[in-house]
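> just need the structure, nothing else, for what follows:
(one chain, ligands or ions: 1)
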Amino acid sequence: MKKCNKCKESLDYSKFAKNRTKSDGYENYCKSCKNKYNKANYGSKYTKLYLKKAGYGIYKIENKVTREIYIGKGWINERKVDHFTKLKSQKHTNRYLQQSYNNTPPESLEFSVIEKCEPKLGSLKERHYIIEEYLNNSEKLLNQHVTLRW
Ligand SMILES: [Zn+2]
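Next up, the predicted model:
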């Protein structure tokens, strides 16, 4: 038997998920509490699956009116939702992209995948595409502040 740190009930070990990083090899919260916790903190299982479904890679956000481009990396659906949520609420940390969004109708911004890749290759590939875009089209690249740090 093991006591759940959340609901404080003593339950059979089968009610706890295994976790090798814990001293006794089991989660501190029972499965039921852990599920509730995950749901509250990370959204539903469905949302999580959706966010990972498109995979990881390099993407661009292009303003179809001004031809400005922003390049990024990450879990594709997750990044897409995150960028547009922040742009809509005027909270995007890249002020060039935020300005681009504000200056044209919202539907002018198009999100597309450049290349899917393994997460460990993300930084390298992102840098490659940013440099390429910078050399070809520097005045339209919205990542300029990033480029200048290298
Ligand atoms: Zn519990």
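> contacts, neighbours, all on C-alpha from now
Will do.
> break this protein down into its domains, please.
For the chain, the structural domains run 16-53, 54-147, going by automatic domain parsing.
> now do the longest one, average pLDDT.
What that stands for is domain 54-147. Taken as a whole, domain 54-147 has a mean pLDDT of 92.
> how distant is that domain from the center of its chain?
12 Å (Cα atoms, centre = their mean, to the nearest Å).
> also the first one?
With Cα atoms, centre = their mean as the basis, domain 16-53 stands 19 Å off its chain's centre.
> could you pull out the buried residues of that domain?
By neighbour count with 16 or more other Cα atoms under 10 Å, domain 16-53 contains the buried residues 16-17, 26-31, 33-34, 51.
> just these: which are in helices?
31, 33-34, 51 (DSSP state H).
> what about the helices in the chain?
31-42, 45-53, 76-88, 95-103, 122-137, 144-147.
> of the ones you listed, which is nearest the ion?
The ion sits nearest to helix 31-42 of all the helices of the chain, at 4.4 Å, using Cα to the ion.
> quick revisit: of the buried residues of domain 16-53, list those near the ion.
Among the buried residues of domain 16-53, the residues that sit close to the ion (Cα under 5 Å from the ion) are 30, 33.
> which of the buried residues of domain 16-53 lies closest to L97?
Of all these, L51 has the smallest distance to L97: 22.2 Å, by Cα to Cα.
> what sits up against stretch 2-13?
Contact with stretch 2-13 is made by 1, 26, 28-30, 33, as judged by Cα atoms under 8 Å, 6 or more residues apart in numbering.
> mind picking the two most distant members of these?
Applying Cα to Cα across those, the maximum distance is between M1 and C33, 16.1 Å.
> Y50 against N77, yeah?
Yes - with contact defined as Cα atoms under 8 Å, Y50 reaches N77; the gap is 7.2 Å.
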